[in-house]
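>>> Take a look and give me a structure for this.
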Amino acid sequence: MNCFRCGATIPDAARFCANCGTLVVDPQGATVVLETEDPEALFRQVRMVLAGEYEVESELARGGMGVIFKATEVALRRSVALKVLPPEVGLSVKAAERFKREARMVAELDHPNIIPVYRVGQLGGIFFIAMKFIEGRSLGLILDTQGALPVPVALQVLRGATRALAYAHERHIVHRDIKGANILVDQDGRVMVSDFGVALRASDVNLTADGAVIGTPAFMSPEQCAGGRTGPQTDQYAVGILGFQMLTGSVPFRADTIAGMMQHHFFTPVPDIREVRDDVPVALVEVLNRALQKEPTARFPATRDMLAALEALPFSEAERRDSEGVLRQLVQGTGIAKVPTRGLPPLPDSPTVPLTPAPPRVRRLPVPAMLAISGLLLLGLALGAIRLAARRGDAKLSPTAAPPPASLQASSAPASSRRDTSRATEPSAAAPSGKLRMLTSPSDAEILVDGRRVGVGSVFDLALAVGARRLEVRAPGYSSFDTIVVVESGGTMSLGRIALRGREPQQ
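Below you'll find the model as predicted:
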């Protein structure tokens, strides 16, 4: 299979294109992805169905929710960009609802930094959205050819994009796929946000399946990588990545696999921009670093606050005019002098927990023996449990920690307390809790906390009740991971990547 956006070869089991990051499969039915086997047939079909309403001229782009064509609206003789979801993809009820919802949301937005929607319709089984056609160039293409941008130009783009997002967020709409390809610069140098194709209204969360990961990996926040609830802070994180890219010429994290990219978003500190480039103001770096915090609560309370921080930076009217002039040059393809930068420092290797097979289970012991063992277990917890760091996101694995034997873990409490274990795993609304975060391999690994299954998959990010918790990771054909973790209130324990070892085949 080839990527429908960049043409790169994609393994059959891949969810994303490793070259450009485009989502290429639809595991949850939340989006529709188009192949490029016969784009001319699609063009002819759309042109025939929409004849009389639109004169379809050419294909502009393909994305996760359809194909975009340039067309002329017959009645008003104006150029439009038609976003089309063709019928042959097998439109499901969920995908149709998503497409209509997207159109309704975007049509409500009226802001100079957001591309306006003219019409939403359905003809001959084809859903379409008619948007204003922008003569210009995407920021992604500009960065591909130009590399790093002058600081005032980057600040001009950041302000425009953040104004658009602050406006959308105040109307409870989140973009969820901010990146250079979705930031357009018109011929006047104005910055406009496009393609709210994965936008999410807070009241519509039931339309997205639990665990669906939507976005572009290089720009995805940790909570987005985990398939968790997204919000304004998700877009703030992506804007932070975009700002980093504009100032350094590169996104902060690169990896050979999507899982590797997610690991960096979860665990790797963002490189210092000023190690790459000396002329970036410290105040601008601080704004971007706050937007790039791992925990959403550590970012800006509202995107309007992030905008205020950007607008508080020194930026004269002359710099604004000059920046628009530079953007006009870049749109026209004339280019400017290259901005000198140093290379990014190498990223650390992804954290991995070395595993040993869990010992075989033993029969349950009598109550007196169990009570005696419980004292040994407490000592084991004190010496060998993984502790949650006091500072959020700063947890480390003890290099000498050894998990207590699985038999002791299973048998250390009286039967009555074991029956209550699953209820104690998830915190109630008022109970203190901490967060456990990790990646697992293989991707279908089953995760259990206190004997209760809490998830399946490669990404795990969950709030747990405070206290000692038994953590198991297991998968068919692999040795199990079985240990005790101690969850403390108010922090995040990051365990890195837990890679299960395949069992040796029995002779």
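
>>> Would you map out the domains in the chain?
Domains of the chain are assigned by automatic domain parsing as 39-132, 136-332, 352-499.

>>> Keeping just the C-alphas, turn stretch 287-302 into CSV.
Only the C-alpha atoms of stretch 287-302 are listed here, as CSV (Å, rounded to 0.1, in the frame of the first residue of the first chain):
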residue,chain,number,x,y,z
VAL,A,287,5.8,30.5,26.0
LEU,A,288,6.5,27.5,23.7
ASN,A,289,7.9,25.4,26.6
ARG,A,290,4.8,26.0,28.6
ALA,A,291,2.6,24.9,25.6
LEU,A,292,4.8,21.8,25.3
GLN,A,293,4.4,20.5,28.9
LYS,A,294,3.6,16.8,29.1
GLU,A,295,0.6,17.4,31.4
PRO,A,296,-2.3,19.4,29.9
THR,A,297,-2.9,21.1,33.3
ALA,A,298,0.6,22.5,33.1
ARG,A,299,-0.1,24.3,29.8
PHE,A,300,-2.1,27.5,29.5
PRO,A,301,-5.5,27.5,31.3
ALA,A,302,-7.1,28.9,28.1
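
>>> Please enumerate the helices of the stretch 401-507 of the chain.
406-411, 415-419, 421-425 (DSSP state H, counting those that start in this stretch).

>>> thinking again about what came up before, so of the domains of the chain, which one's packed in deepest?
Ranked by mean neighbour count, those are led by domain 136-332 with a mean of 20 (mean count of other C-beta atoms under 10 Å). Every C-beta, even on glycine, is put in place using the N, C-alpha and C of the backbone.

>>> Could you work out the end-to-end span of it for me?
The first and last residues of domain 136-332 sit 8 Å apart, counting by C-alpha to C-alpha, to the nearest Å.

>>> Residue numbering should commence at 12 henceforth.
With the count now opening at 12, the last piece we talked about shows up as domain 147-343.

>>> and it, what's its mean pLDDT?
Averaging pLDDT along domain 147-343 yields 88.

>>> And stretch 464-483, by the same measure?
Averaging pLDDT along stretch 464-483 yields 79.

>>> any chance of the domains of the chain in CSV, with distance to Lys349 too?
Converted to CSV, the domains of the chain look like this (distance: least, C-beta to C-beta, whole Å):
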stretch, distance to Lys349
domain 50-143, 27
domain 147-343, 6
domain 363-510, 36
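
>>> right, so of these, which gets closest to Pro357?
Ranking the domains of the chain by proximity to Pro357 (C-beta to C-beta) places domain 147-343 first, at 9.5 Å.

>>> With adjacent residues omitted, what lies nearest to Gly340?
Just to correct that, residue 340 is Gln rather than Gly. Nearest non-adjacent residue to Gln340, counting by C-beta to C-beta, 6 or more residues apart in numbering: Ile347, 6.0 Å away.

>>> repeat for Gln304
Spatial nearest neighbour of Gln304, excluding adjacent residues (C-beta to C-beta, 6+ apart): Arg310 at 5.2 Å.

>>> What lies in contact with the helix or strand harbouring Ala82?
Under the criterion of DSSP states H and E, Ala82 resides in strand 77-84. In this structure, residues lying in contact with strand 77-84 by C-beta atoms under 8 Å, 6 or more residues apart in numbering are 43, 45, 50, 53-54, 57, 61, 64-73, 89-97, 110, 129, 138, 141, 144, 208.

>>> Show me the residues you listed that map onto strands.
Counting by DSSP state E, these place 65-73, 89-96, 129, 138, 141 in strands.

>>> So Asn300 lies in a strand, does it not?
No: per DSSP: H, G, I helix; E, B strand; the rest coil, Asn300 lies outside any strand segment and is helix.

>>> shouldn't it be in contact with Val281?
Yes: at 6.5 Å, Asn300 and Val281 qualify as touching, with contact defined as C-beta atoms under 8 Å.

>>> overlap in contacts of these two?
Shared contacts of Asn300 and Val281 (C-beta under 8 Å, 6+ apart): Gly251.

>>> Give the residue spans of the stretch 312-461 of the chain that score low on pLDDT.
360-442 (pLDDT under 70).

>>> follow-up on the earlier one: for burial, what's the neighbour tally of the residue nearest to Gln340?
Ile347 has 14 neighbours, counted by other C-beta atoms under 10 Å.

>>> Over to it: give its phi and psi.
For Ile347, the backbone dihedrals (degrees, to the nearest 10) come out as phi -140, psi 180.

>>> I'd like the distance between it and Leu160.
As for Ile347, its distance to Leu160 is 9 Å (criterion: C-beta to C-beta, to the nearest Å).

>>> Which neighbours do these two have in common?
Common contacts of Ile347 and Leu160, defined by C-beta under 8 Å, 6+ apart, comprise Val337.

>>> Show the residue spans covered by the helices in the stretch 162-311 of the chain.
Using DSSP H, counting those that start in this stretch, helices in the stretch 162-311 of the chain cover 162-180, 233-236, 243-259, 269-278, 284-287, 293-302.

>>> just checking, what packs against the third one?
When contacts are defined as 3 or more C-beta pairs under 8 Å, 6 or more residues apart in numbering; DSSP states H and E, helix 243-259 sits against helix 150-157, helix 162-180, strand 184-185, helix 233-236, helix 284-287, helix 293-302, helix 314-322.
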